[in-house]
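Participant: missing the sequence, but the structure's below:
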């Protein structure tokens, strides 16, 4: 539970930078090339010019059902420095510390306090051919496509090539050197105990067309290097994906991505007996956003997400969750945010999410008019009704998982001070036993940049 909370906060409390276009109301993408401090860090031109700064984000979370009650605080601090090197090259280093404290708990197994310190990012950027070819070496965020199949930190290197025929990005990275309590790639108890040891290699081609539209295609390979115990749990996956994103008009934007997953996994067919099976799975992301440039800045969003399921699967978070024949579970190493209270994994699931947002105090002063409210309604339905979702919940053979409401408030008061609050309500559907309680999730915090 402690690790889940820390990893969840690592995703949803990064409040600056380039937005993941598929989930932009939730999580700015914490890419090293788009962190808030780099807006300052990229300005110096003289070699060995040093910049430094940081930010701190204290957050309080409250999660409740009729059976459990958990209230925690997580304070995440990041300190960074960057320096220019020779002829446009630069070095960027950032450390982070996350401190979790339990304020109130009832029927929840969690340590009262914990602290995780880690080297967050340490990367050097080297221009090779002016601005047409760049190398980025070290620990950074590596992202493939919309960030669903992979969006996370690792140690490795990336090549970025920009030409009039299109752009190419290729990278390789290793996850086993991350702090084990800060490693998001675990798919087994051994992974979580030791820190998941995985190798990722990816190549992505993108090409702009019709002004502000982009087509892209990619391939990603994941190799499980975890030491095995008596039970085989190797999970080796390959992904092929393609997508488009862009602007249809000055008011309407869109995105769409399709992913096909291959590879091998192990199924436990009898106690102590594992069988290797082929992975055949898929996923879809799509969305539209319509924006009016008028008073109150209203917009409407429509999002759809799908991850394939397997009739005989018992879990979509464990490498050995398949039990028979081909493994049709879509499993990934990136980011999907589909509601605060349920926090579903995109496996054996259809998610439909209409939403709207506006600035309720648009006519007021400069500070308060920047406040933004966003509302989402979510409808969840299984792909294969015989199988559960997530780690084994919603396990009745029914298709309707439930519905949810999310409310988000964002208030950038100053450039270095912002407030945020999130509320989520999940109402279980037919796939849960009768009488399963509703879930409430509340998160509020402040972001201070220095």
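Facilitator: Structure received. Computed from a prediction, not measured in an experiment: that's the story for all the values here. Numbering: from 1, shown residues only.

Participant: and residue 193, that's in a strand?
Facilitator: No. Counting by DSSP: H, G, I helix; E, B strand; the rest coil, residue 193 falls outside a strand, being helix.

Participant: Identify the residues contacting the nearest residue to residue 77 once chain neighbours are set aside.
Facilitator: Nearest residue to residue 77, sequence neighbours excluded (Cβ to Cβ, 6 or more residues apart in numbering): residue 56, at 4.5 Å. C-beta here means a position set from N, CA and C on the backbone, and glycine is covered the same way. By Cβ atoms under 8 Å, 6 or more residues apart in numbering, the contact set of residue 56 is 75-78, 447-448, 450.

Participant: any idea which element residue 56 lies in?
Facilitator: strand 50-64 (DSSP states H and E).

Participant: neighbouring strands for that strand, and are they parallel or not?
Facilitator: With DSSP bridges as the test, strand 50-64 is paired with strand 69-84 (antiparallel), strand 439-449 (antiparallel).

Participant: picking that back up, please indicate which of the contacts of residue 56 are buried?
Facilitator: Buried subset of those (neighbour count, 16 or more other Cβ atoms under 10 Å): 75-78, 447.

Participant: I'd like those as CSV, with pLDDT and distance to residue 161 appended.
Facilitator: Below are the buried ones among the contacts of residue 56 laid out as CSV (pLDDT from 0 to 100; distance: Cβ to Cβ, whole Å):
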residue, pLDDT, distance to residue 161
75, 94, 40
76, 94, 34
77, 95, 36
78, 96, 30
447, 92, 35
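
Participant: which residues in the chain form helices?
Facilitator: 2-12, 38-41, 189-194 (DSSP state H).

Participant: in this structure, which helix or strand is least confident?
Facilitator: Ranked by mean pLDDT, DSSP states H and E, the weakest helix or strand in the chain is helix 38-41, scoring a mean of 44.

Participant: quick one: the most centrally placed residue in the chain from residue 89, how far?
Facilitator: Nearest residue to the geometric centre of the chain (Cα atoms, centre = their mean): residue 335, 2.4 Å. As judged by Cβ to Cβ, to the nearest Å, residue 335 and residue 89 stand 30 Å apart.

Participant: what do you get for residue 307?
Facilitator: Residue 307 is 40 Å from residue 89, by Cβ to Cβ.

Participant: swap in residue 247?
Facilitator: Counting by Cβ to Cβ, the separation of residue 247 from residue 89 is 34 Å.

Participant: Give the burial count for residue 438, as a bare number.
Facilitator: As a burial measure, residue 438 scores 14 neighbours (other Cβ atoms under 10 Å).

Participant: Let me know the pLDDT of it.
Facilitator: What the model reports for residue 438 is a pLDDT of 94.

Participant: ok, how many other residues are close to the closest residue to it other than its chain neighbours?
Facilitator: Distances taken as Cβ to Cβ, 6+ apart place residue 427 nearest to residue 438, at 5.3 Å, with adjacent residues excluded. Close neighbours of residue 427, defined as other Cβ under 10 Å, add up to 15.

Participant: Confirm for me that residue 427 is in contact with residue 380.
Facilitator: No. With contact defined as Cβ atoms under 8 Å, residue 427 does not count as touching residue 380 (10.0 Å).

Participant: Mutual contacts of these two, please.
Facilitator: Applying Cβ under 8 Å, 6+ apart, one finds that residue 427 and residue 380 are jointly contacted by 402-404.

Participant: Let me know the closest of the residues you listed to residue 281.
Facilitator: Closest approach between the shared contacts of residue 427 and residue 380 and residue 281, by Cβ to Cβ: residue 402, at 22.8 Å.

Participant: Do you know the pLDDT at residue 30?
Facilitator: Confidence score, pLDDT, at residue 30: 35.

Participant: Check residue 20 too.
Facilitator: 34.

Participant: and the residue nearest to residue 179 when sequence neighbours are not counted, what are its bridge partners?
Facilitator: Spatially, and ignoring its direct neighbours in sequence, residue 179 is nearest to residue 118 (4.1 Å; Cβ to Cβ, 6+ apart). Beta-bridge partners for residue 118, by DSSP bridges, are residue 96.

Participant: check contacts around residue 118.
Facilitator: 95-97, 178-179, 182.

Participant: Any chance of these in TSV with neighbour count, distance to residue 138 and pLDDT as columns?
Facilitator: TSV is the format used below for the contacts of residue 118 (neighbours: other Cβ atoms under 10 Å; distance: Cβ to Cβ, whole Å; pLDDT from 0 to 100):
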residue	neighbour count	distance to residue 138	pLDDT
95	16	14	97
96	20	15	95
97	15	20	96
178	22	13	95
179	14	16	93
182	19	17	88
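
Participant: Just send the residues you listed back as a markdown table, with distance to residue 123 too.
Facilitator: As requested, these are exported to a markdown table (distance: Cβ to Cβ, whole Å):
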| residue | distance to residue 123 |
| --- | --- |
| 95 | 13 |
| 96 | 15 |
| 97 | 19 |
| 178 | 14 |
| 179 | 17 |
| 182 | 17 |
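
Participant: what bridges to residue 286?
Facilitator: Counting by DSSP bridges, residue 286 forms beta bridges with residue 256, residue 304.

Participant: show me the residues around it that make contact.
Facilitator: Residues near residue 286 by Cβ under 8 Å, 6+ apart: 254-257, 303-305.
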